[in-house]
Structure formats: C-alpha cells, structure tokens
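In: only geometry, no sequence info:
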C-alpha cells in the first residue's frame, strides 16, 4: 500500500508498506518506527466522502484501499493513553524557554553528540577563545564558574538520553566538546579531553543526586539514604527501555492505582473477559506495576498472581510497546527477514559446528521462511558459543514435571515422536505460554517477558539475547559488546 504522509508543510514523505496494521494503535506504532516520531500521535486522513477534507482516523476501515494521504503530528502529552502510543518526548520547556530533562530517554546518545548552547557570557568567551586558538593555538584559561556552567549544561543534555551514561558515552561527549570548542583542549593531554571526561562524570553524579532529591523515581530508586546502603545492583534501564520507571500519571495516586489493579484481577477471573477494559486498566496502572517490578524484584509467580493480565499474549505485546515504543513481533520478524540469508551464510561458513550443521540440514526438508527464521534463532547460541542453549526438546510422553527442571529461561519444543507439535515459554521452571505454534513467536514472547519482568539475560545466553535485541530487533543497537559488534559487521558485509 502507498502512503503519502504529511508531517509539516515542508516535510511530506512517500512510504510503501506491504500491508496496513489491523488497528489504529498498530498504525501509530508503525508510523513512529518508520518516521522516527515520538509522543502521542494524531493521525488524520483525506476522506473522499468529504471532498478529501482531513478527518481524524478512528478506525482502519475508514481508509481507502490502495493509497492514502495522512497528516501526522505529535501531541506530546504527559500521560499514557493507549497501549502503543506513549509520551517518549525527551524534552519539555520551562517558561524561560530552557530545556528541562524528562524521565523518558532514548537510552542511547546520538553520534555525533550535539554540544548544547551555553549561557550568553560563556558562549562569548568560547567564541573569542576559539578565534585565538585558530590564530595562534592559544588555549582558553577556563575559570571555575565557566567550567561549572559548561558541565551543568552538558549534564542536562546527556540526561535527556541516558541517566547512567557509559564510559564510552563520556568519551564521546568529551571529544565532541573539544571538537566544537578547540580552545578548551587540555595542554599535556594526548586526547585533549581526558580531564573533561572525569569532571563530567562527577558532574553527572551530582546532577543525578539533585534529581533524586527532587523525587525523580528512576533515580530515587537507587538512593542509598533509604536505609539500604550498598544494596544489590544498580537499578536502571539495561535493555534500552525508553519508559523504564515512569511517574504516576497526573490525577492518580498509588491507592487509586491499587484499586484499578484489583479491578483488573477481578475482570481476569470472569468467564468472558472484557479485553478492552483490561487494556485500559493495564495502561493506567503501568507506573505502579513498574515500581513493584523494578524496586521489589518479585519472583515471576508473585507477579503473575498480582498482575494476571500481564501474562496474556496481547498484554505482553502491549507492555513491550509501553517500555520500548517498539512493536514486539514486527520488530523481531522484520529483523530476521532482513538478515535471514546473511545469517545462513555465516552459519554455513562454520559448518564444522555439529549443531549448526544439523540445523542447516533441516532446511533441505523444509526451506520455508518460517523454518529459516527458526534455524537462525536456534543456531545463535551455537554460533556465538554461549554457555547454554535457548531451547529444550521434550516428548509428549515424558513426565511433565520433568520438562522444566533446571530451566530458568528458555523455550520448550514439545514433540510427538519426531514431529514438533507445539512450543512453550519457560521462566523460573514455570511454563508461561504453554501452546505456541512456532519457534520465532515463542522467542518474541520470551523477549517480551524478559523486558516486562525486568529480568537480566542469563549469563549463559547473554550474547544470544544481545543479538536478538540489538541486531534483529534494533533496540539499543548503537552499543554492542565486541563479539556482537563483530557479528553485526560481518552480517552487513556479507553478500546476499
């Protein structure tokens, strides 16, 4: 289908897609992914029944069949309204016009990093300093106040993207600073920005503390003044989630959200569940659920008892969209199809691995697209030499209590003699989704659960899940481990 998308008077784009999503929410997600949009969207279409005047789109059945003109813009609201349209705007604006950091981040710093504009007097000093540097190489003598102003502004700009930047992020930003303002280079430093890096690191710590004291939930959770000094690991977004720990929506309180959670549990016990009602309740209680999951780190069984709707297939997909603003299944399947032949090529180059060889031979019997997707996913742990396998094969005749023994995370392949009859997703030795028709869908749902329940990738499969997330689903792909980065480069170089 052909789409003509009007973003502004000067930005009108032509998009071709294979098929339209079934719902308006699905269309919003698709437009966000393809056009790089953020926030809650308003989508209007040219209605032929009203001489092509624009009307708000409320149902996909309203659209013409073959080609359509859409007008799209973002409302940038501050609360959650639907399962798949989220406020992921990274900046709001104060009355003075200066940017205020939001709790929604892209989690990945842009490359190259855009150094912000400083206060007028600092910009004036830098302008003169840069002129002197270009004239005779003179470096600017930076006063304490000027340095503090520079670091404050850069810390705010970094926080917009990530509250906990990595060592590589600090390198990136510090280098960008001296590239833009060479008069700030450090004499005697090989890189010219070594001390800026460490000053910036300390400034970010102070900036986080200020926001923590102001009540920012994503930072307050890691406060050591709450009577839990040195407790556990740092609780932060580790999978490039853009809505990791959101604030309670305006007009809501924790008790009122608890009432909605109880209402959701009651609805899930009914013989005929109102899924539209569940959708609304799960969306409005998202902040309460994330607070419980991130702060308390409860076992899967406890989460399942308090949030039974989360363990339905449709709500796992919706929760993944709330967390990442990305469609769960579409992102995985699109990535698989993009790299399918390249993956099979690199697998064939490693035919010495018995497990890969065995998987590739199955394509001689069934070379369908679905089977090729499954082979790519099944082959990842073997190719990457991870310490565990993603799946376990059991027979229908085996004792069911033995199926999941010792299985913390993975997929069961249930076979009747030599024929696979179904797949099941397992977490903490418990079957979550017992009857899935194909392996790629099972992997997608497993990824959705790991994100929704804030479960770290198991050590023995960390490279496998990193490839699935960062290469196939393209979530946080800008920062990869050396092993995954090498594989990604090889895939991109591989000829089809």
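Out: Thanks, I have it. For clarity, every value in this text was computed on a predicted model and none was experimentally measured.

In: Where does the nearest residue to residue 184 once chain neighbours are set aside sit: helix, strand or coil?
Out: Excluding the flanking residues, the one nearest residue 184 by C-beta to C-beta, 6 or more residues apart in numbering is residue 178, at 5.3 Å. C-beta here means a position set from N, CA and C on the backbone, and glycine is covered the same way. Following DSSP: H, G, I helix; E, B strand; the rest coil, the label given to residue 178 is helix.

In: Check the burial of residue 178 by counting its neighbours.
Out: Number of residues near residue 178 (other C-beta atoms under 10 Å) recorded here: 18.

In: what do you get for residue 69?
Out: Counted with other C-beta under 10 Å, residues neighbouring residue 69 total 16.

In: go on, the one 3 residues further on?
Out: Around residue 72 sit 22 other residues, with neighbours defined as other C-beta under 10 Å.

In: Give me the secondary structure label for it.
Out: Taken by three-state DSSP, the conformation at residue 72 corresponds to strand.

In: Can you tell me the closest non-neighbouring residue to residue 375?
Out: In space, and not counting its chain neighbours, residue 375 is closest to residue 359: 4.9 Å by C-beta to C-beta, 6+ apart.

In: nope, residue 113 is what I meant
Out: residue 176 (4.3 Å).

In: isn't the one you found right up against residue 109?
Out: No. Look at residue 176 against residue 109 with C-beta atoms under 8 Å: they stay out of range, at 9.5 Å.

In: of the two, who's got more company?
Out: Neighbours were counted for residue 176 and for residue 109 using other C-beta under 10 Å; residue 109 has more, 24 against 19.

In: State the three-state secondary structure for the more buried one.
Out: Recorded secondary structure, residue 109: coil (three-state DSSP).

In: quick one on the thing from earlier: now for the residue nearest to residue 184: which residues touch it?
Out: Each residue near residue 178 by C-beta atoms under 8 Å, 6 or more residues apart in numbering is listed here: 184, 185, 186, 192, 193, 196.

In: just those residues now: which is nearest residue 334?
Out: Among the contacts of residue 178, residue 193 lies closest to residue 334 (C-beta to C-beta), at 38.4 Å.

In: Quick one: low-confidence residue ranges for the stretch 251-400 of the chain.
Out: Applying pLDDT under 70 to the stretch 251-400 of the chain flags no residue at all.

In: Following the record's annotation, map out the domains of the protein.
Out: Split into domains by automatic domain parsing, the chain comes to 2-74, 108-220, 328-493.

In: measure the last one end to end?
Out: Spelled out, that is domain 328-493. Domain 328-493 has an end-to-end distance of 27 Å (criterion: C-alpha to C-alpha, to the nearest Å).

In: which residues touch stretch 251-271?
Out: 248, 273-274, 277-278, 281-282, 284-285, 287-289, 306-309.

In: Buried residues of stretch 477-494, list them for me.
Out: For stretch 477-494, a neighbour-count test (16 or more other C-beta atoms under 10 Å) marks 477, 479, 480, 484, 487, 488, 491 as buried.

In: which ones among these are found in helices?
Out: 484, 487, 488, 491 (DSSP state H).

In: of all those, which comes closest to residue 144?
Out: When these are compared against residue 144 (criterion: C-beta to C-beta), the nearest one is residue 484, at 42.2 Å.

In: Distance check, that closest one against residue 464.
Out: 10 Å (C-beta to C-beta, to the nearest Å).

In: What of residue 427?
Out: 16 Å.

In: quick one: which of the buried residues of stretch 477-494 is nearest residue 40?
Out: residue 477 (25.3 Å).

In: wait, isn't that closest one in contact with residue 471?
Out: Yes. At 6.4 Å, residue 477 and residue 471 qualify as touching, with contact defined as C-beta under 8 Å.

In: would TSV of the ones in helices among the buried residues of stretch 477-494 with distance to residue 374 be doable?
Out: Output for those, formatted as TSV (distance: C-beta to C-beta, whole Å):
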residue	distance to residue 374
484	21
487	19
488	21
491	18
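
In: Turn those into TSV, including pLDDT.
Out: TSV is the format used below for these (pLDDT from 0 to 100):
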residue	pLDDT
484	92
487	92
488	90
491	91
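
In: element containing residue 262?
Out: Secondary structure assigned from DSSP states H and E places residue 262 in helix 254-268.

In: likewise residue 42?
Out: Going by DSSP H and E, residue 42 is part of strand 41-47.

In: List the contacts of that strand.
Out: By C-beta under 8 Å, 6+ apart, the residues outside strand 41-47 that reach it are 24, 27-28, 31-32, 52-57, 62-63, 68-75, 85.

In: re earlier: tell me which residues in the helix or strand that comes right after the helix holding residue 262 are buried?
Out: Per DSSP H and E, the first helix or strand lying C-terminal to helix 254-268 is helix 275-284. Of the residues in helix 275-284, 278, 279, 280, 281, 282, 283, 284 count as buried by neighbour count, 16+ other C-beta under 10 Å.
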